[in-house]
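Trainee: dropping a prediction and its sequence here:
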Amino acid sequence: MKNNNDILKWFDNELSEQEFLELKQTENLEILEKIAHYAKHMQAPEVDAQAALTAFRNRKLRKKSPKVITFNFNTVLKIAAILVVMLTSSYFLFFNNDVNFETEIAQTETLTLPDGSEVILNAASKLHYSKKEWQSNRLLDLDGEAFFKVQKGEKFTVNTSAGTVQVLGTQFNVKKRTGYFEVQCYEGLVAVNYNSKIVKLSPGKSFRVVDNTIQLVDDFKAEIPSWLQEESSFDNVPLGEVLKELQRQYSIIVTLQNVDESVLFKGAFTHKNLEIALKSITIPLDLNYKIEGKHVVLSKK
C-alpha cells in the first residue's frame, strides 16, 4: 500500500479496479483481510449513558459519614477497673514504703531489716517501719514482743505505746502488752525512755512496768529469751499476764474461778504441750485446771 489513505479506502470499499489489482499482487491484501475478519468480531461494550451519569452524580455528591464511636458500659467499667489496679500497684511499688509484719497466735516469724539487723516476732505481735526513711532513721513501731539483733551503725529505735528503746548495736528483747512493758538487754547497752525518764541497761539487766508501776527485777543470765526455745519464763510476774501469754501460744480461753490474777508467778511453761504447760503453772500456785475443748478453767483446790 502506498499510504494510509489507500488502507482506509480499502476498508471502505472505495478502491478503483486498478488499485485493487495492484493490491492483490502484494502480500498486504492477505494481512488486511485478516484484520478485517477479526475487526468484525470485536464489539465495544454497550453503555447506558443515563445510568452512568446518574451513578457519577451520586458518587460525586455522597459525603463520608463521620464514624460514630459507641461505648459499651461494661467495657468501660472493665477498663476503669484495670486502670485502678495499675494505679494502685504503682502506688505500692513506688510510693508506699511502709512495711508491716504481724504474727498470729502460736506463731513466730524471723525478719531481716534493710541494714541486716534481725528481728524475731513472738506470737500475736505487730511490727512496722518505713523503708524509705530507714537509712537516715532506723525506727520501728512494735506492739507485742520481739527479740532484736541490731547491726552496728546509727541509732536504732523501737517505739511502743509504753516507752521507747534506743541502741547503737546490741541484742535485746522488748515486750509490750496491755498493762505490761518489759525490756531485757542481752548484749551491748540499751537506753529505755519511759515517761521522760531514761534508764540504761547493760547485759543481764531488765526494766519492767506493770500497770504503770516500775518494778525491780533481778539480774538474769540467759543468752536469749526463753520464748525462742519454745518456752515462756517469768520472774515474779502477775498470774494474769502469765495466762495471757498462755492463750497467745495455745489459742485457748482461760477462765479463773475464785483465783486472784494478781498473784505472782515465778517459773516457765512449754509451748509444745498444753497439759504440761498447765501443770507448770498450777502446781506451784496450788491450783486445779480443767480443759473443755478450747476453754480452760483454773480454780482453787
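Mentor: Structure received. The structure displayed is predicted, hence computed values, not measured ones.
Trainee: mind listing residues that contact the longest strand along the chain?
Mentor: Criterion DSSP state E: the longest strand present in the chain is strand 138-149. Contacts with strand 138-149, where a contact means CB atoms under 8 Å, 6 or more residues apart in numbering, come from 103, 113, 115, 117-130, 133, 153-161, 167, 170-177, 224-225, 227-228. The way it works is simple: take the backbone N, C-alpha and C, and place the C-beta from them, glycine included.
Trainee: quick one: average pLDDT of stretch 257-271?
Mentor: In this model, stretch 257-271 has a mean pLDDT of 96.
Trainee: hmm, who's touching it?
Mentor: By CB under 8 Å, 6+ apart, the surrounding residues in contact with stretch 257-271 are 106, 226-227, 230-240, 242-243, 246, 249-250, 276-278, 280-281, 284-285, 287, 297-300.
Trainee: check stretch 216-234 too.
Mentor: 108, 120, 122, 145, 147, 171, 173, 184, 186, 204-208, 235-236, 241-242, 245-246, 249, 265-272.
Trainee: picking that back up, return the members of the contacts of stretch 257-271 classed as buried.
Mentor: Buried members of these, counted by 16 or more other CB atoms under 10 Å: 226-227, 231-232, 234-235, 237-240, 242-243, 246, 249-250, 277-278, 280-281, 285, 287, 298.
Trainee: show me the shaky parts of the protein.
Mentor: Within the chain, the segments meeting pLDDT under 70 span 1-96.
Trainee: among the contacts of stretch 216-234, which are located in strands?
Mentor: 120, 145, 147, 171, 173, 184, 186, 206-208, 235-236, 265-270.
Trainee: show me which of the residues you listed are buried.
Mentor: Buried, going by 16+ other CB under 10 Å: 120, 145, 147, 171, 173, 184, 186, 206-208, 235, 265, 268-270, out of the ones in strands among the contacts of stretch 216-234.
Trainee: got the buried residues for the longest strand of the chain?
Mentor: Quick answer for strand 138-149 (16+ other CB under 10 Å): 138, 139, 140, 142, 143, 144, 145, 146, 147, 148, 149.
Trainee: follow-up on the earlier one: select only the buried ones of the contacts of strand 138-149 in ChimeraX?
Mentor: Buried residues within the contacts of strand 138-149, by 16+ other CB under 10 Å, are selected in ChimeraX with:
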select :103,113,117,119,120,121,122,123,124,125,127,129,156,157,158,159,160,167,170,171,172,173,174,175,176,177,225,227
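Trainee: residue 122 contacts residue 106, doesn't it?
Mentor: No - in this structure residue 122 lies outside contact range of residue 106 using CB atoms under 8 Å: 10.3 Å.
Trainee: any shared contact partners between those two?
Mentor: residue 248.
Trainee: bridged to the closest residue to residue 210 other than its chain neighbours, which residues?
Mentor: Nearest residue to residue 210, sequence neighbours excluded (CB to CB, 6 or more residues apart in numbering): residue 180, at 5.8 Å. For residue 180, the beta-bridge assignment (DSSP bridges) gives partners residue 177, residue 210.
Trainee: tally of neighbours for residue 180?
Mentor: Using other CB atoms under 10 Å, residue 180 has 19 neighbouring residues.
Trainee: now residue 296
Mentor: Neighbours of residue 296 (other CB under 10 Å): 21.
Trainee: and it, what is it in contact with?
Mentor: 252, 253, 254, 255, 274, 278, 289, 290.
Trainee: which of these sit farthest apart?
Mentor: The largest separation in these, counting by CB to CB, is between 255 and 274 at 15.1 Å.
Trainee: which of the two has more neighbours?
Mentor: More crowded of residue 255 and residue 274, by other CB under 10 Å: residue 274, with 18 against 13.
Trainee: thought the more buried one was touching residue 250?
Mentor: Yes - counting by CB under 8 Å, residue 250 is a contact partner of residue 274 at 5.3 Å.
Trainee: phi first, then psi, for the residue lying closest to residue 289 once chain neighbours are set aside.
Mentor: With CB to CB, 6+ apart as the criterion, residue 289 has its nearest non-adjacent residue at 4.6 Å, and that residue is residue 278. Main-chain torsions, residue 278, degrees, to the nearest 10: phi -60, psi -40.
Trainee: what residues are up against residue 209?
Mentor: Neighbour list for residue 209: 162, 163, 180, 181, 182, 194, 215 [criterion: CB under 8 Å, 6+ apart].
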